[in-house]
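A.B. asks: here are the coordinates; sequence isn't available:
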Ligand SMILES: Cc1cc2nc3c(=O)[nH]c(=O)nc-3n(C[C@H](O)[C@H](O)[C@H](O)COP(=O)(O)OP(=O)(O)OC[C@H]3O[C@@H](n4cnc5c(N)ncnc54)[C@H](O)[C@@H]3O)c2cc1C
């Protein structure tokens, strides 16, 4: 027995749910298959830059997102001794409408799924095989079921099964910035802005969220990167007291620290034989500019617009790649540039930062201020 659906989406993360939502709003029904029984976000938060906020507005969630988390109005880059190297007025840069926010991942995912009919997402279902091509694809799951669809969307993350089953290349590689990092939530030690501290061997970021908490991220970035928690405490030993206090609070119960490898996917094609990749499955990028959610939601807007604006879907994959490639490559290039700068000798980095920092912020985000064009309105 097999079930038939127009569109099958693998993965109920940010990209899968954003795509299901965008399609639903355009009257195209989709089934989402998710291997996990429940959300795997571990209570963490996510930073949403202005273009993520703009994408949420295009998905009909512009007002709703303002009820969650906290706006990120200012960004500060500091040395490990807490000297301010440069700051950005993010509220002014993005404007009131698109001021960045830091929200809990669970809130973002719940918002994206909010209006979907309950049967849209089927959990505990893992895809293991794919056959056929555009117009008639058969997907097999680990419990022996078969699903058929016209087009298959791989929204299944950095280790995408759709990519492995349908594409010849695209294995994730360690990011240049660092191979691994740790994420955590902690009581806010008095941080008011998005603030990153860095020295030669480590970086730590704290972003105020809601309910008096900060979202934290820390990584060993030196030549001898290791991934043990004890090393993290060691590499952060010269960081300001309040930064160490947050990390120490999280370290006091190791379950609060979430090991997060930094892996990237760079592919020459995102579509093949009726399978189309979106979000991290297509272009996972180190979170230097926090573009993961934004790019995933923009992918969903463009892809759903293409599907909605034509009856013949045979060239949707190529057109989606054509419309998305430049923006994604821009983010990848700016990510590589920042990762390279993070490798400069510390003294030089600190001298250059006040000049180069604001420039690279503008060079990265200025082009992303232009909202993605919706193919339905083109
Ligand atoms: C340390 C770190 C910090 C980050 N910080 C930010 C940030 O501040 N802002 C930001 O925008 N981005 C950030 N990102 C990136 C962001 O988390 C990702 O870009 C985003 O979550 C990608 O969403 P996705 O839906 O494409 O993939 P995922 O979230 O990985 O979702 C994929 C889903 O597919 C499911 N799945 C996988 N295989 C199968 C299968 N065979 N069958 C069925 N289901 C399957 C998985 O269970 C999962 O639920 C960060 C990333 C890291 C590593």
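C.D. replies: Structure received. Please read these numbers as outputs of a predicted model, since none were measured by experiment. Numbers count the residues shown, from 1 in each chain.

A.B. asks: going forward, measure contacts and count neighbours with C-alpha atoms only.
C.D. replies: Fine.

A.B. asks: Are stretch 368-378 and the ligand in contact anywhere?
C.D. replies: No - residues of stretch 368-378 are not located near the ligand by CA under 6 Å from any ligand atom, the shortest gap being 13.3 Å.

A.B. asks: gap between the two ends of stretch 157-174?
C.D. replies: Using CA to CA, to the nearest Å, the end-to-end distance of stretch 157-174 comes out at 15 Å.

A.B. asks: ok, the spatially closest residue to residue 217 that is not a sequence neighbour - contacts?
C.D. replies: Spatial nearest neighbour of residue 217, chain neighbours left out: residue 183 (4.5 Å); criterion: CA to CA, 6 or more residues apart in numbering. By CA atoms under 8 Å, 6 or more residues apart in numbering, residue 183 lies in contact with 44, 215, 216, 217, 218, 257, 258, 259, 260.

A.B. asks: Kindly recompute the last result at 7 Å.
C.D. replies: With contact set as CA atoms under 7 Å, 6 or more residues apart in numbering, residue 183 has these partners: 216, 217, 218, 257, 258, 259, 260.

A.B. asks: Can you say which of those residues are buried?
C.D. replies: 216, 217, 218, 257, 258, 259 (16 or more other CA atoms under 10 Å).

A.B. asks: contacts for the helix or strand hosting the last one?
C.D. replies: Taking DSSP states H and E as the definition, residue 259 sits inside strand 258-261. Outside strand 258-261, the residues within contact range by CA under 7 Å, 6+ apart are 179, 180, 181, 182, 183, 184.

A.B. asks: who are the neighbours of whichever helix or strand comes after it, in terms of helices and strands?
C.D. replies: Once strand 258-261 ends, the next helix or strand along the chain (criterion: DSSP H and E) is strand 263-264. In terms of contacts (3 or more CA pairs under 7 Å, 6 or more residues apart in numbering; DSSP states H and E), strand 263-264 is packed against strand 173-174.

A.B. asks: Longest helix in the protein, please.
C.D. replies: Longest helix in the chain, counting residues (DSSP state H): helix 316-341.

A.B. asks: and this structure, which residues reach the ligand?
C.D. replies: Within the chain, the positions near the ligand by CA under 6 Å from any ligand atom are 10-16, 33-36, 46-48, 125-127, 155-158, 160-161, 181, 260-262, 279-281, 284, 287, 290-294, 296.

A.B. asks: Can you show me the helices along the stretch 251-378 of the chain?
C.D. replies: 280-283, 292-308, 316-341, 346-365 (DSSP state H, counting those that start in this stretch).

A.B. asks: Which strands and helices lie in contact with the third one?
C.D. replies: Think helix 316-341. Applying 3+ CA pairs under 7 Å, 6+ apart, we find helix 316-341 packed against helix 292-308.

A.B. asks: Let's test this: what are the backbone torsions at residue 215?
C.D. replies: The phi/psi pair for residue 215 (degrees, to the nearest 10) reads phi -100, psi 130.

A.B. asks: pretty sure residue 284 is in contact with residue 265, am I right?
C.D. replies: Yes - Residue 284 sits in contact with residue 265 when judged by CA atoms under 7 Å, with a separation of 5.0 Å.

A.B. asks: Looking at those two, which is more packed in?
C.D. replies: Applying other CA atoms under 10 Å to residue 284 and residue 265 shows that residue 284 carries more neighbours, namely 27 against 22.

A.B. asks: follow-up on the earlier one: as a markdown table, the buried ones among the contacts of residue 183 with pLDDT would be great.
C.D. replies: Shown next, in a markdown table, are the buried ones among the contacts of residue 183 (pLDDT from 0 to 100):
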| residue | pLDDT |
| --- | --- |
| 216 | 97 |
| 217 | 96 |
| 218 | 93 |
| 257 | 92 |
| 258 | 92 |
| 259 | 89 |
